[in-house]
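Quick one: sequence and predicted model below, then my questions.
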Amino acid sequence: MIDVTLANFQAEVLEASLTTPVLVDFWAPWCGPCKVLGPVLEKVELAYAGRFKLVKVNTEDEQQLAGYFQIRSIPTCILFVGGQPVDEFMGALPEGQIRAFLDRNLPSEADLQAEAERAEAEAAAAQGDAYTALQRLRNALAQAPDNDDVRFDLVRLLIGSGQLGEAAAALAPALGKIPVPLRFEALAQWLHALEFATTDPRGRWPLERFDELIAANKRDFETRFAKARVLIAQGDWTAAMDELLEIIMRDKKWADEAPRKTVVALLELLAPPKRDAGAAPKSATGLEIAGHAAAAEDPQAELVSRYRRKLSMALN
């Protein structure tokens, strides 16, 4: 437990909450319930062993902070995650209710273990060790089967490694959700393209054979779509999207919009990963945290932006 002021609020709360949830206890020295709540919060912080960080704001000394967060009654506790307030409670709650509040908002022990495995998998994958990365992700998903981030990483790596059967099995629970999250729909489209390339006779055609048929009939959408799937399987996703855009420009509704859905899926998979720390949380004074300068758009992001514009033009 530490005392926080306006001067260190950014570092101790906003920046710190990007990696570990921070519970801010707004209190005052004259407040009887605050004196009751304080020791309970410290006991719970110790029991949770690093799952969250406890800080205290003296509202008598830090009236600007109290005003910014519209503290009308004390004690008030606000939980920050990812640089933003996500939940709060007022009054000197008993320990059981505080634990229930935290458990509702904090990652579970299983999720923490799964995230640790996921981090190890990311490091192994970066070193080219796909086998270790897959084992880590399999362990992580076994520990936290509801963790969509782990499931996404595992399915993506399985598809990339050519283990399509296991990928389909791991993907199935996510596809059962209503609506299906876009990133899992994207994986399904990629998986379908690879399954086509390995099971359909056209998957073994040279590209020139597709081109001959398309040259004879520009509206041979079946052949164009098959060629796009082969290109996806070969890893030439931009050429695949160019072929799909040709279909969309000629018939937006063909095959229940399969070409559009496939382009959207590829763009989702090509998009650079979103990093929570990339957004600069703002302090109580409205100033962005220092050191979060806007980075120039990287080539991958530029490619995704360009093809999103192409898709928009093809649909209009």
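Thanks, I have it.

quick one: Leu194 and Gly32, what's the gap?
66 Å (CB to CB, to the nearest Å). In short, each C-beta sits where N, CA and C put it, glycine included.

These two: which has the busier surroundings?
Comparing Leu194 with Gly32 by neighbour count (other CB atoms under 10 Å), the higher total belongs to Leu194, at 18 against 8.

Per-residue confidence at the more buried one, what does it come out as?
As predicted, Leu194 sits at a pLDDT of 95.

check contacts around it.
Ile159, Gly162, Leu164, Ile232, Ala233 (CB atoms under 8 Å, 6 or more residues apart in numbering).

count of neighbours near the third one?
Using other CB under 10 Å, Leu164 has 16 other residues around it.

about what we covered before: filter the contacts of Leu194 down to just the buried residues.
Buried by 16 or more other CB atoms under 10 Å: Ile159, Leu164, Ile232, Ala233, out of the contacts of Leu194.

okay, these in a markdown table with pLDDT, secondary structure and distance to Pro39 next?
Shown next, in a markdown table, are the buried ones among the contacts of Leu194 (pLDDT from 0 to 100; DSSP: H, G, I helix; E, B strand; the rest coil; distance: CB to CB, whole Å):
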| residue | pLDDT | secondary structure | distance to Pro39 |
| --- | --- | --- | --- |
| Ile159 | 96 | helix | 52 |
| Leu164 | 96 | helix | 56 |
| Ile232 | 95 | helix | 60 |
| Ala233 | 94 | helix | 62 |
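
Nearest to Ala170, out of those residues: which one, please.
If you rank the buried ones among the contacts of Leu194 by distance to Ala170 using CB to CB, Ile159 comes first, at 9.7 Å.

Looks like that closest one contacts Leu187 (just checking).
Yes: the pair Ile159 / Leu187 is scored as a contact, 6.6 Å apart, by CB atoms under 8 Å.

what touches both of the two?
Contacts common to Ile159 and Leu187, judged by CB under 8 Å, 6+ apart, are Ala167.

Can you pull the phi/psi pair for the closest residue to Val81 other than its chain neighbours?
With sequence-adjacent residues excluded and distances taken as CB to CB, 6 or more residues apart in numbering, Val81 is closest to Pro21, at 4.9 Å. Main-chain dihedrals, Pro21, degrees, to the nearest 10: phi -50, psi 140.

and what of the one 3 residues further on?
Phi and psi for Val24, reported as degrees, to the nearest 10, are phi -100, psi 120.

per-residue confidence at it?
pLDDT, read off for Val24, is 97.

ok so Asp87 is a strand residue?
Yes: per DSSP: H, G, I helix; E, B strand; the rest coil, Asp87 lies within a strand segment.

Next, the contact list for it, please.
Contacts of Asp87 (CB under 8 Å, 6+ apart): Ile78, Leu79, Phe101, Arg104, Asn105.

swap the cut-off to 7 Å and go again
Counting by CB atoms under 7 Å, 6 or more residues apart in numbering, Asp87 makes contact with Leu79, Asn105.

Run through the bridge partners of it.
Leu79 (DSSP bridges).

pLDDT below threshold where in the protein?
274-297 (pLDDT under 70).

distance from the centroid: which residue in it tops it?
Within the chain, the residue lying farthest from the chain centre (CA atoms, centre = their mean) is Ala216, at 44.3 Å.

Against Phe210, how distant is that residue?
Ala216 sits 11 Å away from Phe210 when distances are taken as CB to CB.

what does Phe152 give?
Taking CB to CB, one finds Phe152 at 31 Å from Phe210.

ok, now Phe26?
To Phe210, Phe26 is 66 Å away according to CB to CB.

What of Leu158?
Counting by CB to CB, the gap from Leu158 to Phe210 is 28 Å.

who's more crowded, the two?
Leu158 (24 against 20).

any idea how far that one lies from Phe184?
With CB to CB as the criterion, Leu158 and Phe184 are 13 Å apart.

Kindly format the C-alpha coordinates of stretch 84-101 as PDB.
In PDB, the C-alpha atoms belonging to stretch 84-101 read as follows (Å, rounded to 0.1, in the frame of the first residue of the first chain):
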ATOM      1  CA  GLN A  84      -9.000   3.100 -17.000                       C
ATOM      2  CA  PRO A  85     -11.400   2.900 -14.100                       C
ATOM      3  CA  VAL A  86     -13.500  -0.200 -14.500                       C
ATOM      4  CA  ASP A  87     -15.500  -0.600 -11.200                       C
ATOM      5  CA  GLU A  88     -16.000   0.900  -7.800                       C
ATOM      6  CA  PHE A  89     -17.600   0.600  -4.400                       C
ATOM      7  CA  MET A  90     -18.400   2.900  -1.500                       C
ATOM      8  CA  GLY A  91     -18.400   2.400   2.200                       C
ATOM      9  CA  ALA A  92     -16.600   0.100   4.600                       C
ATOM     10  CA  LEU A  93     -17.600  -3.200   3.100                       C
ATOM     11  CA  PRO A  94     -16.800  -6.500   4.900                       C
ATOM     12  CA  GLU A  95     -13.900  -8.600   3.700                       C
ATOM     13  CA  GLY A  96     -16.200 -11.100   1.900                       C
ATOM     14  CA  GLN A  97     -17.800  -8.400  -0.200                       C
ATOM     15  CA  ILE A  98     -14.400  -6.900  -1.100                       C
ATOM     16  CA  ARG A  99     -13.200 -10.300  -2.200                       C
ATOM     17  CA  ALA A 100     -16.300 -10.700  -4.300                       C
ATOM     18  CA  PHE A 101     -15.800  -7.300  -5.900                       C
END
